[in-house]
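Participant: Sharing a model prediction with you, sequence too.
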Amino acid sequence: MQTTLSDAAKRLARAEEAERILRSCVHCGFCNATCPTYQLLGDELDGPRGRIYLIKQVLEGQPASAKTQLHLDRCLSCRNCETTCPSGVDYHNLLDIGRAVVDQAVARPPLQRALRSGLRNLASHPTAFKRLVQLGRSVDSLLPAALKGKLPRSPATAQARPQAHHERRVLLLEGCVQPGLSPNTNAATARVLDRLGISVTATPQAGCCGAVDYHLDAQARGLERARHNIDAWWPAIEAGAEAIVQTASGCGAFVKDYAKLLHGDAQYASKARRVSELARDLVEVVAAEPLDKLTCHSGQLLAVHCPCSLQHAQKLGGSVEALLKRLGFNLSNVPDGHLCCGSAGTYSLTQPQLARQLRDNKLDALESGRPDVIVSANIGCQTHLDGAGRTPVRHWIELVDEALAKSPSLA
């Protein structure tokens, strides 16, 4: 794609990157065939190719408008288009660049600003978020259906974690909303890893991965969170921690991007690169171990929802399914597994109508094999899908942990 950046765009810190990405696009339109919002809306500007054109126009000097902002906001950042693209267009990084420029030029309405600010602040205070969830459950009969659907269906409690006693140690990103919405996920992770001879080292100083801020008009603040986490993890990394484990694939995708996001930071570039090298989704860690100690016995039929952040961002599509089959679980077939469920971080709150349509379509596909339970690998997807009140949706590690609890320990 021929591109001539404006003088203002040439002064952007990521100008060369933006121009390179724009020039790599060959207008083929293959991306639209797998874009969830294009499938729903049928508007060229609500597909990747159209959004690339919008960003190109702005970077070439044409004024950004509220319409430009709307079409960029409607993007789920699912990265399905990147999996489809034959030219390897680095779409999500171009989108980040374009959104930052547009958001600086176009003021959002007060309600949008308040919602986005509120979501960012909640992400930075997991304890306050957890209390808010508890309060919501205590008055759930008074809440509107849309808000009630964001709360766990049953009280969220965490079972005990094992003491760290193994020589092998890993770090675990606790997350910002998962402790409040599904606290047993990380506890189950610690128990399963303990069975494999791996202990979890606590790093309470680490907080939100930074993705919420970064994708809600506060990229600088998101990078500050990344730096904070690097500082929190660094002593344990120097002490020999072999991995930084994420149980939420959305967080994992962002942590794995720390190296790229901070490559120009002289103080943090090398540390960020090391953190990204150590970042592992939980399925990568478990699947790499001998599984004779994890033989599971479960009569349940599971449907696996593979989050976009796992299959398109981390390129680990099919990994959860393969692991669960190795462990002895029965899985149903899921059509159109590549399509987004509509959660996409905070998307289900900022674009609720589109998110509900995508959720219902995804649930129809997941339930087509009549599973007993749906499992996911990302707290946002888990909460969004479960909020429909249909087939229960849980993190896959909890099902493994429960099956192991019924089997004698071989450790």
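Facilitator: Received, thanks. Just so it is clear, the structure is predicted and the values come from calculations on it, not from any experiment.

Participant: Name the spans of the stretch 51-200 of the chain whose pLDDT lies under the cut-off.
Facilitator: Counting by pLDDT under 70, the stretch 51-200 of the chain has low-confidence residues at 142, 146, 155-156.

Participant: which stretches of it form strands?
Facilitator: 168-173, 198-201 (DSSP state E, counting those that start in this stretch).

Participant: In TSV: these, plus mean neighbour count and distance to Q112.
Facilitator: All C-beta atoms are positioned from the backbone trio N, CA, C, and that covers glycine. Below are the strands of the stretch 51-200 of the chain laid out as TSV (neighbours: other CB atoms under 10 Å; distance: least, CB to CB, whole Å):
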stretch	mean neighbour count	distance to Q112
strand 168-173	20	29
strand 198-201	19	39
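
Participant: In CSV, list those strands along with distance to S332.
Facilitator: Shown next, in CSV, are those (distance: least, CB to CB, whole Å):
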stretch, distance to S332
strand 168-173, 30
strand 198-201, 30
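
Participant: what's the closest of those strands to W396?
Facilitator: Taking CB to CB, strand 168-173 is the member of the strands of the stretch 51-200 of the chain nearest to W396, at 16.0 Å.

Participant: May I have that closest one exported as CSV, CA atoms only?
Facilitator: The C-alpha coordinates for strand 168-173 follow below in CSV (Å, rounded to 0.1, in the frame of the first residue of the first chain):
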residue,chain,number,x,y,z
ARG,A,168,11.5,-25.7,40.8
ARG,A,169,9.7,-22.3,41.1
VAL,A,170,7.5,-20.2,38.8
LEU,A,171,5.9,-16.8,39.2
LEU,A,172,2.1,-16.5,38.8
LEU,A,173,0.4,-13.3,37.6
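
Participant: Give the other helices and strands that it contacts.
Facilitator: When contacts are defined as 3 or more CB pairs under 8 Å, 6 or more residues apart in numbering; DSSP states H and E, strand 168-173 packs onto helix 184-195, strand 198-201, helix 219-238, strand 244-246, helix 249-255.

Participant: how distant is the second one from the center of its chain?
Facilitator: Mean-position distance between strand 198-201 and its chain equals 23 Å (CA atoms, centre = their mean, to the nearest Å).

Participant: closest to V101 out of the strands of the stretch 51-200 of the chain?
Facilitator: strand 168-173 (30.0 Å).

Participant: Which neighbours in the sheet does that closest one have, and how are they oriented?
Facilitator: strand 198-201 (parallel), strand 244-246 (parallel) (DSSP bridges).

Participant: Would you mind giving the helices and strands packed on strand 168-173 as CSV with distance to L132 added?
Facilitator: Output for these, formatted as CSV (distance: least, CB to CB, whole Å):
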stretch, distance to L132
helix 184-195, 19
strand 198-201, 26
helix 219-238, 20
strand 244-246, 23
helix 249-255, 20
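
Participant: Minimum distance to P290: which of those has it?
Facilitator: helix 184-195 (11.1 Å).

Participant: Measure how far that closest one is from the centre of its chain, please.
Facilitator: The mean C-alpha position of helix 184-195 is separated from the chain mean by 20 Å, CA atoms, centre = their mean.

Participant: Touching that helix from outside, list them.
Facilitator: 156-162, 166, 170, 172, 174-175, 178-179, 199-200, 245, 247, 282, 285-286, 293-294, 379, 395, 397-398, 400-402, 404, 409-411 (CB atoms under 8 Å, 6 or more residues apart in numbering).

Participant: Mind giving me the PyMOL select for the residues you listed, buried ones only?
Facilitator: Buried members of the contacts of helix 184-195 can be picked out in PyMOL with the line below, counting by 16 or more other CB atoms under 10 Å:
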select buried, resi 156+161+166+170+172+174+175+178+179+199+200+245+247+282+285+286+294+379+395+397+398+400+401+404
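
Participant: Out of the contacts of helix 184-195, name the ones that lie in helices.
Facilitator: Within those, residues falling in helices by DSSP state H are 178-179, 282, 285-286, 379, 397-398, 400-402, 404.

Participant: and the two most separated of those?
Facilitator: P179 and L404 (22.3 Å).

Participant: who does V393 bridge with?
Facilitator: Assigned bridge partners for V393, using DSSP bridges, are I374.

Participant: Out of the strands of the stretch 51-200 of the chain, which gets nearest to Q219?
Facilitator: Using CB to CB, the nearest of the strands of the stretch 51-200 of the chain to Q219 is strand 168-173, at 19.9 Å.

Participant: Many thanks, have a good one.
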